[in-house]
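Chemist: Prediction below, plus the sequence it came from.
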Amino acid sequence: KEHARKLNRKALADSGQEDFLAPSDLASGAGLASLLDEHPTRLAQIDEIGDLLASIRASGPKSRHLATIETYLKEVYSSSDSTWITGGYADVTKNKVIRFPHLVLYGTGSPEKFWESITPSNIGDGVLPRLMIFSAEYVRNQSGERLGDCPHDIAKTVQAWTQWKPTTGGNLEVIRPMIVPFDTLAAKRLKEHQFEIADRRVKEDHLRAAVWSRTAEKSFKLALIFACQRIRDPSGGGLQVSLDDADRAILLSNWLTRR
């Protein structure tokens, strides 16, 4: 588990973007909001993610700060293409306005702890459907050799991503997102998939329907990621989502949901 986290840290460090890293624990919703206010794109790598989910589940009136984490995680997920306004404080100066917040929560942990921390309410309230859960098994290092550094190809891609910072110009220098187009076949395939998922949800009970609810959205996000991994030029010129990206995304998203 730790080796993967080290590679992520190294890839960001080598590209001079360690400020993308968030602390390895989330103590409160307010803390999460402050992190994204300081830098709207963050990678939070949390070990024993099941402990965090269990703490949130057990939170009561005296630990409102933990319950707020869950609320904010869901809000940030749904606001990555727009503006997220935090808080709701009577003192409006305490509310934060964050454009295009993007938090990647990379959690690891033992399967037993993780699944013990999940309840039917987590499914119905939208937490579980937003997650992509990969179940891995222990693999012994067959060669006995030291695990290598971050592959050069990945490091180069990360560097291209982090160097791409278009702005609206002028004195404000507001960062805006890149609009990556879908080719005709990819757009058609993903739209069909979206309708198929909608039809399926109608036939399922409410918990299964909730689990499937974000599958099409994940497919769109994954297809975008697959396309953007081809960036080598910080300008991003000529980039588009292909049918191959769409097919791979749908296969993976459906497989994760079924599991």
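Modeler: Great, that's in hand. Numbers count the residues shown, from 1 in each chain.
Chemist: Any idea how far the biggest helix by length in the chain is from the middle of the chain?
Modeler: Longest helix of the chain, by residue count under DSSP state H: helix 184-203. Remark: helix 184-203 is offset 22 Å from the chain centroid, using CA atoms, centre = their mean, to the nearest Å.
Chemist: Quickly note the distance from the nearest residue to residue 107 once chain neighbours are set aside to residue 121.
Modeler: Residue nearest to residue 107 in three dimensions, not counting chain neighbours: residue 49, with 2.8 Å by CB to CB, 6 or more residues apart in numbering. Every residue, glycine included, has its C-beta placed from N, CA and C. Taken as CB to CB, to the nearest Å, the spacing of residue 49 relative to residue 121 amounts to 18 Å.
Chemist: higher neighbour count, those two?
Modeler: For residue 49 versus residue 121, the count of surrounding residues by other CB atoms under 10 Å is larger for residue 49: 19 against 10.
Chemist: For the protein, which residues score under the pLDDT cut-off?
Modeler: 59-63, 88-93, 141-147, 165-176, 233-237 (pLDDT under 70).
Chemist: Name the SS class of the residue nearest to the spatial centre of it, please.
Modeler: Nearest to the centroid of the C-alpha atoms of the chain, with distances taken as CA atoms, centre = their mean, sits residue 104, at 3.8 Å. Using DSSP: H, G, I helix; E, B strand; the rest coil, the secondary structure recorded for residue 104 is strand.
Chemist: Check the gap between the nearest residue to it once chain neighbours are set aside and residue 107 for me.
Modeler: Computed as CB to CB, 6+ apart, the closest residue to residue 104 that is not its neighbour in sequence is residue 43, at 4.9 Å. Computed as CB to CB, the residue 43 to residue 107 distance reads 12 Å.
Chemist: Now do the helices in this structure.
Modeler: Using DSSP H, the helices of the chain run over 2-14, 29-38, 49-58, 64-78, 111-116, 120-124, 152-163, 184-203, 206-212, 215-228, 243-258.
Chemist: Could you name the stretch from the ones you listed that's closest to residue 177?
Modeler: Proximity of the helices of the chain to residue 177 was assessed by CB to CB; the nearest stretch is helix 215-228, lying at 10.6 Å.
Chemist: between the closest one and helix 152-163, how big is the angle?
Modeler: Using axes from the mean of the first three to the mean of the last three CA atoms, to 10 degrees, the direction of helix 215-228 lies 100 degrees away from that of helix 152-163.
Chemist: For helix 215-228, give me every contacting residue.
Modeler: Contacts of helix 215-228 with the rest of the structure, by CB atoms under 8 Å, 6 or more residues apart in numbering, involve 129, 132, 161, 180, 182, 186, 190, 193-194, 197-198, 239-242, 244-246, 248-250, 252-254, 256-257.
Chemist: Now for residue 116: which residues touch it?
Modeler: Counting by CB under 8 Å, 6+ apart, residue 116 has contacts 50, 54.
Chemist: For residue 84, see how far away residue 98 is.
Modeler: With the distance defined as CB to CB, residue 98 ends up 5 Å from residue 84.
Chemist: ditto for residue 224
Modeler: For residue 224, the distance to residue 84 (CB to CB) stands at 19 Å.
Chemist: Ignoring the adjacent residues along the chain, who's closest to residue 15?
Modeler: Nearest in space to residue 15, with sequence neighbours left out and distances taken as CB to CB, 6+ apart, is residue 159 at 4.0 Å.
Chemist: Cool, thanks, signing off.
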